[in-house]
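K.L.:
When you get a sec, could you give me coordinates for this:
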Amino acid sequence: MRLLPLRSAEELAARNNVLPPEALRTAAELIERIRVGGESALRDLTERFGERVPGDPLVLERPVLRKALDSLEREDRDRLERVAGRIASFAGAQRTALSDITVSIPGGRAGHVAVPVERAGCYVPGGRHPLPSSALVTTIPARAAGVREIWVATPRPHPVTLAAAALSDVDGVVVAGGAHAIAALALGAGPVPAVDVVAGPGNVYVTAAKQLLAGRVGIDMMAGPSELVILADQSADPALVAADLLAQAEHDVLALPVLVTTHAPLVEQVEAELARQIENLPTADIARAALANGGALVAPNIDEACRVVDRLAPEHLELLLRDAPLVAGRIRNCGAIFVGAGAGEVLGDYGAGPNHTLPTSRAARFTGGLSVFTFLRIRSWMTIDDAATARGLAEDAVWFARIEGLEAHARAASLRIPSQTPSVVEDISLGIA
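P.N.:
Okay, here's the model as predicted:
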């Protein structure tokens, strides 16, 4: 049996992750428990799910986080700080890229300012292994955006995750995971304040809770199991392609590793490498299941290959092509793109700078990944200091108000027309009724 099945574009595009009804039901029940019971319910649930034991604190504050950072081996701390610095540099550049604007309008000026949310909640999964990288890529952009207060929720927090949170000077870590953690961040629970935006990856229950709470609180995205498409030609190294597919596959049995190639022999070469490399892989069972979930596709030419990629709109896209930079400019839909063999997706996972929390399930067609912009709001403003010059603006407002049947709007606008008389206001409506 093949490790990487041969698939059609239709099959691969259909393998989008839809939230199971059971996950939505469970998440809804947990959200309601937090809404009604607050802190007491959150304590009960964290004990029930083994995230903390009775008597342990529900919230870890700054001194605990700082102690975890100070307790790291010097080499580990240096590495964590180095990665945090790269993420902070990229996030700072993103913030600078979004400028406030001012434009002239009749009689005055208008513009926008980018304003950070007041309070952010960052979710950090805590499953089989600690994920300090997720702590860094959620909290550092929030700080770069100017968020005043940042909270992290994570189950069974590992000291290195707490150390990562300390580097962003977060206000507190809530020892909770899953849907009830998202509910606590969104609704508030005792010492945990309600936040304005919830961000970060998680399992299906986390995603279900985010979907149910969207609108009550800002949500970064509904991120599902991870995806990687490798677009390769005859110049690609089969061993490198296989290694990158396995790196993606070991995330989760539901991960989606895909090879799209214009060079048919590469499929069998990669299959042979997968068989060789998976033999001594500690996560082989997970990787085998994920590979079976993904697949390989041979495209007749690069034009069709690009169309397939755009249709899949993958979370991650690697270009292992002779003309990778040229092809990169032709791709419209992906969460993040890794151009050339040197830019492995795995390097993006671990702190090259750009964020690794990215849209899945074809959501890259309409949204981007988590970033500084996740924590910013665009607020517009307007001022009029020359009413005479603004006369046409007010008259246009009267016209639109009357055509839309909003007479009070028309009257309010007419009061801003200099030396306005009722007859002139009525004239503006002629020809509309």
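
K.L.:
so where is the chain shaky, pLDDT-wise?
P.N.:
The chain contains residues with pLDDT under 70 at 16-17, 420-433.

K.L.:
what's the domain layout of it?
P.N.:
The chain breaks down into these domains under automatic domain parsing: 9-15+225-354, 21-222+373-378, 388-428.

K.L.:
Output those domains in a markdown table; the columns should cover mean neighbour count and distance to Leu3.
P.N.:
Using the backbone N, CA and C atoms, a C-beta is placed for each residue, glycine as well. Below are the domains of the chain laid out as a markdown table (neighbours: other CB atoms under 10 Å; distance: least, CB to CB, whole Å):
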| stretch | mean neighbour count | distance to Leu3 |
| --- | --- | --- |
| domain 9-15+225-354 | 19 | 5 |
| domain 21-222+373-378 | 20 | 22 |
| domain 388-428 | 15 | 61 |
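
K.L.:
Tabulate these (a markdown table), appending distance to Ala363.
P.N.:
Formatted as a markdown table, these follow (distance: least, CB to CB, whole Å):
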| stretch | distance to Ala363 |
| --- | --- |
| domain 9-15+225-354 | 7 |
| domain 21-222+373-378 | 6 |
| domain 388-428 | 35 |
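
K.L.:
looking at these, which is closest to Met1?
P.N.:
domain 9-15+225-354 (8.5 Å; CB to CB).

K.L.:
now the end-to-end length of the closest one.
P.N.:
In domain 9-15+225-354, first residue to last residue: 29 Å (CA to CA, to the nearest Å).

K.L.:
and stretch 281-295, how far from the chain's centre?
P.N.:
Relative to the centre of its chain, stretch 281-295 is centred 25 Å away, using CA atoms, centre = their mean, to the nearest Å.

K.L.:
List of residues touching that stretch?
P.N.:
Residues outside stretch 281-295 that contact it (CB atoms under 8 Å, 6 or more residues apart in numbering): 3-7, 11-12, 15, 245-246, 248-259, 274, 278.

K.L.:
and those residues, which of them are in strands?
P.N.:
Taking DSSP state E as the definition of strands, the contacts of stretch 281-295 contribute 256-259.

K.L.:
What is the nearest of those residues to Ala194?
P.N.:
So of the ones in strands among the contacts of stretch 281-295, ranked by how close each gets to Ala194 (CB to CB), first place is Leu256, at 34.3 Å.

K.L.:
pretty sure that closest one is touching Ser226, no?
P.N.:
Yes. Counting by CB atoms under 8 Å, Ser226 is a contact partner of Leu256 at 7.4 Å.

K.L.:
Need the overlap of contacts for these two.
P.N.:
Taking CB under 8 Å, 6+ apart as the criterion, Leu256 and Ser226 both touch Gln248.

K.L.:
about what we covered before: for the domains of the chain, which one sits closest to Arg365?
P.N.:
Counting by CB to CB, Arg365 lies closest to domain 9-15+225-354 out of the domains of the chain; the figure is 4.8 Å.

K.L.:
And stretch 304-321, how far out from the chain middle?
P.N.:
For stretch 304-321, the distance to the chain centre is 19 Å (CA atoms, centre = their mean).

K.L.:
same thing with stretch 72-91?
P.N.:
Centroid separation for stretch 72-91 versus its chain: 21 Å, with CA atoms, centre = their mean.
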